[in-house]
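Trainee: Here's my sequence, what's the structure:
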Amino acid sequence: MKRFLLVTLLLVSGLVAAASLALRAEGPVPRGFVILPPLVRAAMNELFLANNEHWDELADLTTLEQMLGTVKPTQREYLGCLQGTVVGDTVHVTQWSLARNLKQLQFAVGGTCDHVAQFIGTWHTHPYRADLRGHAVKERALSSMDLATFAAGTDLVTIAVWDVDSVDTALRRPGGEIDHPAQVEVRGSGMEE
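Mentor: Alright, predicted model coming up:
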């Protein structure tokens with residue numbers, strides 16, 4: 001009897017999951033988005049440029065040396081804490097602040113945002129790497145580790161800046177579902193410091 005109930009429960013669960021997927025496939029699911037004020041976006045660009053200034057001085061290093069940054073660290077990732085509000089499924093970033101206990105490596109960054117009022121998430125830079133010819137290799141999206149860390153946490157938004165005016169964003173919707181990539185709009189005002 002227990003086996004029958006278990007098989008029935010699994011069958012019903014499978015049918016519900018299949019029906020849910022079919023409903024999603026029928027039409028677009030409304031997605032949330034992130035609004036970044038121009039001053040916040042400009043500050044992100046400035047920090048990307050400042051922390052990525054010497055990316056092209058890596059061509060003579062091995063990939064391991066580049067990633068560890070132990071030989072000649074020419075750039076550093078940067079981590080900022082986002083502040084703002086949420087209205088429905090829209091995250092409004094109002095400003096950001098530097099993460100505490102910032103640990104900047106060439107291709108990794110750490111820190112905390114426990115000190116931030118109205119904390120909604122984080123942003124960080126993705127520095128260029130140099131290929132064998134010395135050309136920029138750009139990490140154009142949140143890495144699988146970025147997304148796994150975001151999924152396991154409670155932040156509402158995470159942003160990776162991978163070039164001036166180029167970002168990748170993930171957003172946690174009110175029900176917990178993660179939108180990636182999430183839509184970003186630069187508009188409004190912010191950075192009331």
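
Trainee: Pull up the gap between T90 and S144, please.
Mentor: As judged by C-beta to C-beta, to the nearest Å, T90 and S144 stand 26 Å apart. Placement of C-beta: from N, CA and C, glycine included.

Trainee: For the chain, which residues score under the pLDDT cut-off?
Mentor: Within the chain, the segments meeting pLDDT under 70 span 1-30, 55-63, 65-75, 104-109, 130, 134, 189-193.

Trainee: Domain map for it?
Mentor: What automatic domain parsing lists as the domains of the chain is 1-30, 31-186.

Trainee: Around C113, count how many other residues there are.
Mentor: Residue crowding around C113 was assessed by other C-beta atoms under 10 Å; the count is 20.

Trainee: Next: M145.
Mentor: Neighbours of M145 under the rule other C-beta under 10 Å: 9.

Trainee: Also the one 10 residues further on?
Mentor: D155: 18 surrounding residues under other C-beta under 10 Å.

Trainee: G84 and V91 touch, don't they?
Mentor: Yes. Between G84 and V91 there is a contact under C-beta atoms under 8 Å: 6.2 Å.

Trainee: shared neighbours, these two?
Mentor: Contact criterion C-beta atoms under 8 Å, 6 or more residues apart in numbering; residues shared by G84 and V91: I120.

Trainee: Now do the helices in the chain.
Mentor: Along the chain, counting by DSSP state H, helices occupy 2-26, 38-51, 63-68, 144-152.

Trainee: Now do the last one: everything it contacts.
Mentor: Helix 144-152 is contacted from outside by 124, 142, 158, 160, 170, 172, 178, 180, using C-beta under 8 Å, 6+ apart.

Trainee: Identify, from those, the entry nearest to G80.
Mentor: Checking those against G80 with C-beta to C-beta, the nearest one is H124 at 7.2 Å.

Trainee: Can you report how many residues lie near the closest one?
Mentor: Neighbours of H124 under the rule other C-beta under 10 Å: 24.

Trainee: again, but for K138
Mentor: 14.

Trainee: Can you report phi and psi for it?
Mentor: Torsion angles at K138 (phi, psi; degrees, to the nearest 10) stand at phi -100, psi 130.

Trainee: which one is it nearest to, not counting chain neighbours?
Mentor: Using C-beta to C-beta, 6 or more residues apart in numbering and skipping residues adjacent in sequence, the residue nearest K138 is W162, 5.4 Å away.

Trainee: residues in contact with the one you found?
Mentor: Contact analysis of W162 by C-beta under 8 Å, 6+ apart lists 125-126, 138-141, 168.

Trainee: Would you reformat these as TSV and include distance to A43?
Mentor: Putting those into TSV (distance: C-beta to C-beta, whole Å) gives the following:
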residue	distance to A43
T125	12
H126	17
K138	20
E139	21
R140	21
A141	22
D168	18
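
Trainee: buried subset of those?
Mentor: 125-126, 139, 141, 168 (16 or more other C-beta atoms under 10 Å).
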